[in-house]
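**Q** Below: sequence and its predicted model.
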Amino acid sequence: MSGPDTGRTHARMLRVSTPALPLEGGLALAVGVVTGRDGEPEAREYAGGGLFLAALPRAVVFWFLAAVVASAALVLPVVLLGEDLGRRLGGRPLWWHLALAALAGAPFAGVRGWLVAWAALAGAALFTRPARQGHFVSLLVWGALAVVAVFMAGGILLYATE
């Protein structure tokens, strides 16, 4: 008799890489909000709060579908091909993952777009590599805590500088 299936499957890899991309987006948004502020109030008046709240569920569905497509089309091939190249050509699969993520991020515009795409794909690929049973929940918990911690630290920093 064997115990529960704790191995890595394509479905588990997809379930891990899909939330990894929005969590990375949340971290990027938090860092952008904190570092992008110059201390000056915005000149325009904000009047779209109700409309934003009404559109939020649709935006969440859109971003989830985009994360599923990006995971299936970019992250899973980077992980699987990196491991295959590591076996065939030698070297650690980690370096192959990083190199393939850099190649997959190349079509994005400019150096800044390429760096953001490379970082997102490399991070998702590194999270996806050990996609065993229970990894999904720990990714959601620790990822959500990281996003909340960055927002809280940024909020405290912004409040302290005013």
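**A** It's in.

**Q** Buried residues, stretch 74-91. List them.
**A** Residues 74-76, 78-80, 82, 85-86 are the ones in stretch 74-91 that count as buried (16 or more other CB atoms under 10 Å). For glycine as for every other residue, the C-beta is placed from the backbone atoms N, C-alpha and C.

**Q** Quick check, pLDDT for the residue most central in space within the chain.
**A** Centroid check for the chain by CA atoms, centre = their mean gives residue 21 as the closest residue, at 2.6 Å. For residue 21, the model assigns a pLDDT of 85.

**Q** That one contacts residue 72, doesn't it?
**A** No - counting by CB atoms under 8 Å, residue 21 stays clear of residue 72, with 11.3 Å between them.

**Q** Run a quick neighbour tally on the nearest residue to residue 63 once chain neighbours are set aside.
**A** Computed as CB to CB, 6 or more residues apart in numbering, the closest residue to residue 63 that is not its neighbour in sequence is residue 22, at 5.8 Å. Applying other CB atoms under 10 Å, we find 16 residues neighbouring residue 22.

**Q** Secondary structure element for residue 22, which one?
**A** Assigned by DSSP states H and E, residue 22 belongs to helix 10-36.

**Q** Please name every helix or strand in contact with the very next helix or strand once past that helix.
**A** Next in sequence after helix 10-36, counting helices and strands by DSSP H and E, comes helix 49-70. Applying 3 or more CB pairs under 8 Å, 6 or more residues apart in numbering; DSSP states H and E, we find helix 49-70 packed against helix 10-36.

**Q** any idea which element the residue nearest to residue 81 when sequence neighbours are not counted lies in?
**A** Among residues not flanking residue 81 along the chain, residue 100 sits closest, at 5.9 Å (CB to CB, 6+ apart). Per DSSP H and E: residue 100 is located in helix 93-104.

**Q** okay, the angle between that helix and helix 49-70?
**A** When axes from the mean of the first three to the mean of the last three CA atoms, to 10 degrees is applied, the directions of helix 93-104 and helix 49-70 differ by 120 degrees.

**Q** ok, residues contacting helix 93-104?
**A** Helix 93-104 has contacts (CB atoms under 8 Å, 6 or more residues apart in numbering) with 74, 77-79, 81-83, 85-87, 114, 117-118, 121-122, 125-126, 129.
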